[in-house]
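> 3D model of this:
(3 chains)
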Amino acid sequence: MKYSKEFRDPQVAARFLEILAAAAARLDGVKTLMEVCGTHTMAIHRHGIRSLLPTKIRLISGPGCPVCVTPVDFVDKAVALSRLPDVIIATFGDMVRVPGSTTSLLKEKAQGIDLRIVYSPADAVALAARNPSRRVVFLGVGFETTAPTVAASILQAEKSWLENYFVLCAHKTIPEAMALLGEDPEIPIDGYLCPAHVSAVIGTRAYASLATEHAIPCVVTGFEPLDILQGVALLVHQILDGRAEVENQYSRFVRREGNPKAMEILHRVFEPCDARWRGLGTIPGSGLRIREEFAAFDIEKRLTIAAEPAREPSGCCCGEVLKGKIAPRDCPLFGTLCTPEEPVGACMVSNEGACAAAYRYGA
Amino acid sequence: MCLAVPMKIISLEADSALCEIDDVRRRASVTLIEDPRIGDYVLVHAGYAIEKLIEKEAEETLSLFREMSQAPETPFEIL
Amino acid sequence: MKSDVVLLGHGSGGKLSHQLLDEIIIPHLSGISLKNQNDSAVLPFRGERLAFTTDSYVVDPIFFAGGNIGDLAVNGTVNDLAMAGARPVALSVGLILEEGLPLRDLETIVRSMRKAADRAGIAIVTGDTKVVTRGGADKIFINTSGIGVFDHPHSVAGDGARVGDRILINGPVGDHGIAILAGREGLELGNDIHTDSAPLNGLVADLLREWGEAVHVLRDPTRGGVATTLKEIARQSAVDILLEENAIPVRPSVEGACAILGLDPLYVANEGKVLVFVEGKAASGVLDLLRGHPLGREAAMIGEVTSGAVAGGKVYLRTAIGGKRIIDMLSGEQLPRIC
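Okay, the predicted model is just below:
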């Protein structure tokens, strides 16, 4: 795999670990580095990186799992839509096990709803084109990596004169959440591992204020194990130097200005709005909604969705876990009422949720 | 939320590219990037190419890694 | 939020499947303990042993790169018998056909079944055919049951793993599952991706003839992949297992397809692979034997049994960069993801 496999060399990993061991010895205490991308959470667990880091360097997961932060009522709305006889729900696989107030899409599938797991929003548009008598609703979940692809799918549907393609939109943007967490005195963040592919779209400049106003070191880091080790090393280096800058480890795909074309398409179709993050509450300006001129594709503008009243499960500590305030094991439901087979909160459902990772990998 | 794979463009047709990684091919849309060319490596996410590889940077990173795997003792500065 | 209906995940081979078996099916049907859940039942019969197994095939699509549901059904049941250490002797075939299935397709499938049976040296001796109305089945469902006999005294059940055993596999993982998915997900695969479905009874017979004493467990990593199968064995044998990621053979194209779809090759189904647990000192001899067989040319040593656990049985992976993580069973099917 070109430009993938080379980033898994165990010898180079060993060198980075030597560097980190030497650096950790010079740290004046445990430093907490937060990664805010579910894909980083997954990669760190998959490669067993925590088992290799010196104890003074602590990695915690933030709210970068879009599935984990999707509010309960989004799933409820999707379920309500799925029960309309002509509706096909098209979604990424990540969403189907997320619990709503009383059920999940996968459970509803057993009851007969038409649920299609797609790899791309383009597949959902193609589905709509092939089924003119059905309404295809695509579940728009994801950060700035995914939002441009969904925006492009809406433009494609418009170009093809489709009247039966819709998006239920819950897209969010990540920098605002990072700023919010950075301001919270209860959450010790000594550095941010910034997401790789979100950054490929939004650019390294999106994190500037985190470094300058909040004095948090930031390194945009790729997802391969050597990327992550290098990213951690660069952060530790900044901490030892007393610097707070935005550095770019993932320079092979990330530019300062990101991908202007993708950003332009994103902003042509979406506009910022306030958004509710499961467990974090409302973060102003952190969401994306479909602009008025594309209202024809916004399922919430086309009909009133009769979802059941939203009910957050009691005892669920996803919010605290998402902020890195408590470890998964500290949640009273962890491993007992809440397991990957019967998840209560989203952190346990998503493969990259901190709780699912802790349960599976014993983190 | 960013699973994406570096793939090579092996053919182009308007907005659609046939991309390849290790003998596996899949179509991806190139509407989100500028000036795609055959032979370019692109990051493919959810069926769309979202960025082009910057070869120079990739080579720099890889050569740093090569240096590290060969050097008997890596000074801390060599990040 | 426990489900009160059957979910697709109950058929995936992972935790939900085990829950269904342990909580509803086995207690009522037979009461076989976890320890004794093997691919085939081994029954005492007039002083000898008989192996008996059954399997149903509902794969979609029914035609895929390198095979179809028919030869899959024959090879699969042959392999279940082989995994018990038995020599397959007879197969039954039950066909459930959906109204509207093209007869041409049916003919191709049964022809392949005969060809597969001949290749495995097994006779199809009895069968049954039913037709259901359109929608009552997905094109064709096949059940194959098989009986086998034992030409040696050795026993290879799932609870036979011992500390110090090495774990071998006869070739690269993930081919079958990816071949199946490729059609569905619009992946064009190169020529080297096709199902690995094959009858392993010949290979197993050679193995047991030479190394019968030293072989402790045999199992084919089908649904749920290598990870799930090793977890099952770890639990049955009450041992811990350590796998070496760098030692696990995977074809580059399977890796590429998994990367695109967000799948882990360790959880992808195989249909022509066998995991062999063998006494440490016999490991390199067994590896040579495997590599000398057409179905084992790319055999590799992928791990070892590290300690006896009190209960549970954990599977660890030493990752490509030298880290360590736990491998667990999936709850349901592995779904393509973009996160």
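> Which part of chain A gets nearest to chain B, residue-wise?
Closest contact between chain A and chain B, by CB to the nearest CB, is at A:S120 (2.6 Å). Yep, even glycine has a C-beta here, placed from its N, CA and C like the rest.
> is it true that that residue touches B:I50?
No: with contact defined as CB atoms under 8 Å, A:S120 and B:I50 do not form a contacting pair (11.8 Å).
> what's the overlap in contacts for the two?
A:T149 (CB atoms under 8 Å, 6 or more residues apart in numbering or on different chains).
> Secondary structure element for A:I19, which one?
helix A:10-25 (DSSP states H and E).
> for the chain, which strand is longest?
No chain in the question, so chain A it is. Assignment by DSSP state E gives strand A:281-290 as the longest strand of chain A.
> You answered for a different chain; I wanted chain B.
strand B:5-13.
> which helices and strands sit right next to the following helix or strand past that strand?
Next along the chain after strand B:5-13, taking DSSP H and E as the criterion, comes strand B:16-21. Under the contact criterion of 3 or more CB pairs under 8 Å, 6 or more residues apart in numbering or on different chains; DSSP states H and E, strand B:16-21 touches strand B:5-13, strand B:24-29, strand B:41-45, helix C:252-261.
> Out of these, flag the one nearest chain A.
So among the helices and strands packed on strand B:16-21, strand B:5-13 is nearest, using CB to the nearest CB, at 4.2 Å.
> which residues touch that closest one?
A:1-4, A:253, B:17-21, B:25-26, B:28, B:30, B:36-44, B:49, B:53, C:256, C:259-260.
> Go again with 10 Å.
A:1-4, A:252-253, B:17-22, B:24-28, B:30, B:36-45, B:49, B:51-53, B:58, C:256-262 (CB atoms under 10 Å, 6 or more residues apart in numbering or on different chains).
> Break down chain A into its strands, ranges please.
Using DSSP E, strands in chain A cover A:31-35, A:57-61, A:87-91, A:114-117, A:135-140, A:165-169, A:191-194, A:218-220, A:246-248, A:270-277, A:281-290.
> Could you check how far C:A161 is from C:E210?
From C:A161 over to C:E210 the distance is 20 Å, taken as CB to CB, to the nearest Å.
> between the two, who's got more neighbours?
C:A161 (24 against 15; other CB atoms under 10 Å in any protein chain shown).
> Throw the strands of chain A into JSON lines and include distance to A:C355 and mean neighbour count, thanks.
Output for the strands of chain A, formatted as JSON lines (distance: least, CB to CB, whole Å; neighbours: other CB atoms under 10 Å in any protein chain shown):
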{"stretch": "strand A:31-35", "distance to A:C355": "16", "mean neighbour count": "22"}
{"stretch": "strand A:57-61", "distance to A:C355": "10", "mean neighbour count": "21"}
{"stretch": "strand A:87-91", "distance to A:C355": "22", "mean neighbour count": "23"}
{"stretch": "strand A:114-117", "distance to A:C355": "23", "mean neighbour count": "18"}
{"stretch": "strand A:135-140", "distance to A:C355": "22", "mean neighbour count": "27"}
{"stretch": "strand A:165-169", "distance to A:C355": "25", "mean neighbour count": "25"}
{"stretch": "strand A:191-194", "distance to A:C355": "20", "mean neighbour count": "28"}
{"stretch": "strand A:218-220", "distance to A:C355": "26", "mean neighbour count": "28"}
{"stretch": "strand A:246-248", "distance to A:C355": "30", "mean neighbour count": "23"}
{"stretch": "strand A:270-277", "distance to A:C355": "16", "mean neighbour count": "18"}
{"stretch": "strand A:281-290", "distance to A:C355": "19", "mean neighbour count": "18"}
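> Ok, which of these comes nearest C:S3?
Of all the strands of chain A, the one in closest proximity to C:S3, counting by CB to CB, is strand A:114-117 (15.0 Å).
> any residues touching that closest one, and which ones?
Here strand A:114-117 has contacts from A:78, A:82, A:84-96, A:105-106, A:108-109, A:123-124, A:127, A:131, A:134, A:136, A:138, C:184-185, C:335-337, using CB under 10 Å, 6+ apart.
> I'd like the average pLDDT over that strand.
Averaging pLDDT along strand A:114-117 gives 94.
> Pretty sure C:N270 sits against C:P221.
Yes: with contact defined as CB atoms under 10 Å, C:N270 reaches C:P221; the gap is 5.1 Å.
> shared neighbours, the two?
Shared contacts of C:N270 and C:P221, counting by CB under 10 Å, 6+ apart, come down to C:I169, C:V173, C:G174, C:H176, C:T229.
> Where helices are concerned, which of the residues you listed count?
Judged by DSSP state H, the subset of these located in helices is C:H176, C:T229.
> ok, and which of the shared contacts of C:N270 and C:P221 reach chain A?
Applying CB under 10 Å from any CB of the partner chain to the shared contacts of C:N270 and C:P221, one finds that nothing falls near chain A.
> separation between C:G148 and C:L50?
Note on C:G148: its distance to C:L50, by CB to CB, is 7 Å.
> and these two? which has more neighbours close in?
A count of neighbours by other CB under 10 Å puts C:G148 above the other of C:G148 and C:L50, at 27 against 17.
> so what's that one bridging to?
Beta-bridge pairing of C:G148 under DSSP bridges involves C:A51, C:P88.
> residues bridging contact with C:G148 and C:L50, i.e. touching both?
C:S40, C:V42, C:A86, C:V89.
> Most neighbours out of these, which is it?
C:A86 (30 neighbours).
> tell me the contacts of the residue nearest to that residue when sequence neighbours are not counted?
Nearest non-adjacent residue to C:A86, counting by CB to CB, 6 or more residues apart in numbering or on different chains: C:G148, 3.0 Å away. With contact set as CB under 10 Å, 6+ apart, C:G148 has these partners: C:40, C:42, C:49-53, C:77-78, C:80-82, C:84-91, C:122, C:201.
> coming back round to it: now the strands of chain A as TSV including distance to A:S51?
Listed next are those as TSV, based on distance: least, CB to CB, whole Å:
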stretch	distance to A:S51
strand A:31-35	16
strand A:57-61	11
strand A:87-91	34
strand A:114-117	32
strand A:135-140	35
strand A:165-169	39
strand A:191-194	17
strand A:218-220	21
strand A:246-248	25
strand A:270-277	30
strand A:281-290	33
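> between the ones you listed, which one is nearest to C:D118?
The closest of those to C:D118 is strand A:114-117. By CB to CB, the value is 38.8 Å.
> Now do that closest one: distance to the chain's middle.
22 Å (CA atoms, centre = their mean, to the nearest Å).
> what sits against the residue of chain A found nearest chain C?
Per CB to the nearest CB, A:G48 is where chain A lies closest to chain C, at 2.5 Å. Residues counted as contacts of A:G48 (CB under 10 Å, 6+ apart) are A:225, A:361, A:363, C:245, C:316-326.
> Could you do A:S160 as well?
Here A:S160 is in contact with A:V125, A:A126, A:A128, A:A129 (criterion: CB under 10 Å, 6+ apart).
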